[in-house]
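**Q** sharing a model prediction with you, sequence too.
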Amino acid sequence: SQELEQSPQSLIVQEGKNLTINCTSSKTLYGLYWYKQKYGEGLIFLMMLQKGGEEKSHEKITAKLDEKKQQSSLHITASQPSHAGIYLCGADDNNDMRFGAGTRLTVKP
Amino acid sequence: GAVVSQHPSWVICKSGTSVKIECRSLDFQATTMFWYRQFPKQSLMLMATSNEGSKATYEQGVEKDKFLINHASLTLSTLTVTSAHPEDSSFYICSARGRSTSYGYTFGSGTRLTVV
């Protein structure tokens, strides 16, 4: 099955700073999803990428999928405390979705 | 948009009892439903996949007799944790996918199970 590696595992940034989270797949990605979660709560859908080189933005969050469709990045500009949480990348794998280990983001005011 | 309702949101049960968690797709037909488990500070781990009217497909290491999954209709799937033990305490979350690819995967809000 597909394996997704996320990095870093955790990240602490000062409010206002930019940050990037990476997600690398062992196979070609046919659908890459980014979610945000606080443990014990549901997932908040952020973005879905399908095409090589695709880039999507929503407010201060931008997600990209590389041309080879094996790596995706999530970039947050001018981070705020409200961005804190666990960010998960998920990928379509043989008709089910599997997740990376997650990145725990802390934003210090 | 597509909505999946999961309940209960939290449950506490005694060791040895069974607990049922429901997952309903409210405005679309969920041809496939997925059940995940999440332990503290860990990611979501897929437990099983079920297609409407078929037996669930379990991931390696997940006991099918302990985690009973029923997907009897296109809008409802249930996960029953049988003879629960404290080590089954976890956050369980379902996801549903409809026939239309535009819906993608829609997640329920999760159930926090505590077995005492």
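**A** Thanks, I have the structure now. Since this is a predicted model, take the numbers as computed values, not measurements. Numbers count the residues shown, from 1 in each chain, chains lettered A, B, ... in the order given.
**Q** what parts of chain B come near chain A?
**A** Applying C-beta under 8 Å from any C-beta of the partner chain, we find that chain B lies next to chain A at B:6, B:32, B:34, B:38, B:40-46, B:49, B:91, B:93, B:95, B:104-105, B:107-110, B:112. To be clear about C-beta, it is placed using only N, CA and C from the backbone, and glycine gets the same treatment.
**Q** and these, which are buried?
**A** Among those, those classed as buried by 16 or more other C-beta atoms under 10 Å in any protein chain shown are B:6, B:32, B:34, B:38, B:43-46, B:49, B:91, B:93, B:95, B:104-105, B:107-108, B:110, B:112.
**Q** take those residues and keep only those in strands.
**A** Under the assignment DSSP state E, these contribute B:6, B:32, B:34, B:38, B:45-46, B:49, B:91, B:93, B:95, B:105, B:107, B:112 to strands.
**Q** farthest pair in those residues?
**A** Across those, the longest distance by C-beta to C-beta is 24.2 Å; it joins B:Thr32 and B:Arg112.
**Q** show me the contacts for the residue lying closest to A:Pro8 once chain neighbours are set aside.
**A** Nearest residue to A:Pro8, sequence neighbours excluded (C-beta to C-beta, 6 or more residues apart in numbering or on different chains): A:Thr103, at 6.1 Å. Shown in contact with A:Thr103 (C-beta atoms under 8 Å, 6 or more residues apart in numbering or on different chains): A:6-11, A:21, A:86-88.
**Q** quick check, A:Lys64 in contact with A:Glu54.
**A** Yes: at 7.2 Å, A:Lys64 counts as touching A:Glu54 under the criterion of C-beta atoms under 8 Å.
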